[in-house]
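>>> Okay, sequence plus prediction incoming.
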Amino acid sequence: MLDSNEWGGSVKFWQKTFLILLVVFVLTFSMSMVIILHFTYKEELGSTRQKAMGEAYFIMSSLSSDFSNLENVGNVAVDYKRSAFKEYSDYYKQKKIYLGLFRDESTLANNLPDREIGGEKEGGAWSQLEVNEGIQRVWIESIQNEKYMIVASRLLAPYEDYKLCYAYEMSDLENTTHGLIRMVVGVDIMMTIILGGILFVVLTKLTKPLTNLQQCTTQIAAGDFGRTVEVKGQDEIATLGNQFNKMSLKIYEQMELLQEENRKKQLLIDNMAHEFRTPLTSISGYAQYLIMAALDEEARLESLDYIILETARLQKLSQTILYMADIREGELETSAIDVGGLIAYLKELFDKQKQYEKIHFTITSEVEYIKGNKVMVESLLINLIENGMRACKEEGQVTLNITADENQIAIQIKDTGIGMSKEELTKIQEPFYRIDKARSRKMGGVGLGVTLCHQIVSLHGAKIYYESDVGKGTSVLIHWPMLNEN
């Protein structure tokens with residue numbers, strides 16, 4: 001019924017349940033049958049006792065009457081009495097009932113089985129029984145490996161000096177009892193087998209979800225995340241299965257996030273090493289060139305300009321990385337930002353940058369205040385505007401438009417630059433990713449602007465969206481939360 005391999009290791013839950021229920025059933029059923037047999041035997045024994053006492057009394061009364069009749073007609077000899085008694089003994093012997101008639105300690109007639117006295121079988125032992133007048137003495141005795149229900153009494157007056165012994169052979173009752181015992185044992189074994197089969201089927205079916213859970217947990221422990229189990233019904237096991245599936249999917253999502261974060265961190269480290277190496281190589285090369293070569297003043301100043309430019313680039317890169325770390329670890333302090341002052345600051349900032357003097361930059365706004373961290377909002381807009389300007393050629397155009405409705409503020413930065421493909425749109429959030437690497441380095445970019453922007457937007461509970469086509473420019477739309485005046 002059970003696979004031996006399943007019993008080789010630790011006992012499983014369903015196996016424990018199977019054994020406990022089967023043992024409880026067997027014990028309960030067996031005890032019930034024993035109790036029923038006991039009371040049945042007691043009842044049959046009582047019925048046999050009453051029957052024996054009744055028949056013994058009937059024989060005793062009949063013999064007393066017969067003896068009286070014999071004496072009335074003058075037949076007082078013992079042989080007549082013995083002959084009358086023989087008729088009774090012959091008749092009842094056919095029913096496995098044996099009789100003995102005794103006077104004082106002498107035997108008149110006897111077909112009783114021999115009792116054992118002192119290890120010897122003696123029929124005369126029956127005559128030695130002590131029987132009081134008017135009382136039936138009843139007991140059970142084993143004689144020659146057979147049980148007998150024995151009734152001893154004295155005849156009615158004036159024949160009280162006669163003792164009648166009645167012995168009923170209980171073999172039929174014993175055989176019936178033994179048959180019942182065998183039947184109960186057989187039924188017990190059959191019911192145990194049937195119940196064992198039913199329990200096996202039911203328990204394996206009921207505990208199958210638990211087995212599936214155990215297999216899934218083993219697979220998850222081995223690193224196969226995201227495993228789920230099939231859930232049926234609405235019982236406690238189904239609830240456990242649903243909770244397990246939620247937990248498994250949550251673990252899978254978290255592991256995916258961790259793997260993605262690890263990938264991004266590794267990419268960040270690799271890109272940082274590359275980004276730092278390039279300007280350091282330039283600085284080292286120009287420094288050695290200044291030391292080893294005999295240069296005129298113009299060549300010397302040109303080399304120093306390259307060194308200063310690359311040094312500034314390294315400084316901006318390190319500051320940006322530190323700023324991103326502060327955003328992740330610091331607490332956000334927000335306030336109402338005056339949009340008019342912000343617009344004035346942005347116009348003055350970009351008007352003074354010569355590299356963007358041939359790019360048209362316009363700002364429009366219908367919003368007076370927005371809520372946020374002023375330094376971060378400034379950094380966000382500066383990075384997005386710079387990205388737009390870097391993407392534009394001469395006479396290109398960058399516009400910043402701030403509008404609002406009942407639910408949110410919309411900040412849109414559009415440019416007429418080179419645009420991006422769909423593949424590039426999916427990569428611009430990666431640190432150090434540049435669409436035009438040569439142009440970006442030339443214009444002072446470090447490749448962390450978009451990553452920084454996304455962190456600022458996320459920290460303020462806002463959303464950022466991109467639309468772009470190659471050669472048609474890019475549009476960046478930010479849905480910013482409304483200022484809560486309360």
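Right, received. Where do you want to start?
>>> helix, strand or coil for the residue lying farthest from the centre of the chain?
Largest separation from the mean C-alpha position in the chain: residue 74, at 99.1 Å (CA atoms, centre = their mean). Following DSSP: H, G, I helix; E, B strand; the rest coil, residue 74 is assigned to coil.
>>> same thing with residue 223?
Following three-state DSSP, the label given to residue 223 is coil.
>>> confidence score at it?
With respect to pLDDT, residue 223 has a value of 75.
>>> measure it to residue 458 for me?
Here the distance between residue 223 and residue 458 works out to 30 Å (CB to CB, to the nearest Å). All C-beta spots, glycine's among them, are computed from the backbone N, C-alpha and C.
>>> out of these two, which sits in the more crowded spot?
Neighbours were counted for residue 223 and for residue 458 using other CB atoms under 10 Å; residue 458 has more, 12 against 7.
>>> if we can go back for a sec, from residue 287, how far out is the residue farthest from the centre of the chain?
Per CB to CB, residue 74 is found 166 Å from residue 287.
>>> Also residue 300?
Noted for residue 300: a distance of 12 Å to residue 287, by CB to CB.
>>> what residue is smack in the middle of the chain?
Computing the C-alpha centroid of the chain and ranking residues by CA atoms, centre = their mean puts residue 240 first, at 5.1 Å.
>>> and that one, helix, strand or coil?
Applying three-state DSSP: residue 240 is helix.
>>> Using the three-state scheme, assign the closest residue to it other than its chain neighbours.
Spatial nearest neighbour of residue 240, chain neighbours left out: residue 213 (7.2 Å); criterion: CB to CB, 6 or more residues apart in numbering. Put simply, residue 213 is helix when judged by three-state DSSP.
>>> who touches residue 213 in this structure?
The contact partners of residue 213, by CB atoms under 8 Å, 6 or more residues apart in numbering, come to 229, 240, 241, 244.
>>> just the helices in the stretch 51-200 of the chain please.
Ranges of helices in the stretch 51-200 of the chain, per DSSP state H, counting those that start in this stretch, are 78-93, 171-206.
>>> Please identify the most buried of those helices.
helix 78-93 (a mean of 15; mean count of other CB atoms under 10 Å).
>>> What helix or strand is the closest residue to residue 356 other than its chain neighbours located in?
Spatial nearest neighbour of residue 356, chain neighbours left out: residue 389 (4.9 Å); criterion: CB to CB, 6+ apart. Assigned by DSSP states H and E, residue 389 belongs to helix 374-391.
>>> buried residues in that helix?
If you call a residue buried by 16 or more other CB atoms under 10 Å, then helix 374-391 has these buried ones: 374, 376-391.
>>> and it, what other elements does it pack with?
With contacts taken as 3 or more CB pairs under 8 Å, 6 or more residues apart in numbering; DSSP states H and E, helix 374-391 sits against strand 335-338, helix 339-351, strand 397-404, strand 408-415, helix 449-459, strand 473-481.
>>> ok, 6 Å please
strand 408-415, helix 449-459 (3 or more CB pairs under 6 Å, 6 or more residues apart in numbering; DSSP states H and E).
>>> got the CA positions of the longest one in PDB?
What follows is helix 449-459, C-alpha atoms only, in PDB (Å, rounded to 0.1, in the frame of the first residue of the first chain):
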ATOM      1  CA  GLY A 449      22.000  63.500 -15.800                       C
ATOM      2  CA  VAL A 450      19.000  61.300 -16.700                       C
ATOM      3  CA  THR A 451      19.700  58.900 -13.900                       C
ATOM      4  CA  LEU A 452      19.800  61.900 -11.500                       C
ATOM      5  CA  CYS A 453      16.600  63.300 -12.900                       C
ATOM      6  CA  HIS A 454      14.800  60.000 -12.400                       C
ATOM      7  CA  GLN A 455      15.800  59.900  -8.800                       C
ATOM      8  CA  ILE A 456      14.700  63.400  -8.200                       C
ATOM      9  CA  VAL A 457      11.300  62.800  -9.900                       C
ATOM     10  CA  SER A 458      10.700  59.500  -7.900                       C
ATOM     11  CA  LEU A 459      11.600  61.200  -4.600                       C
END
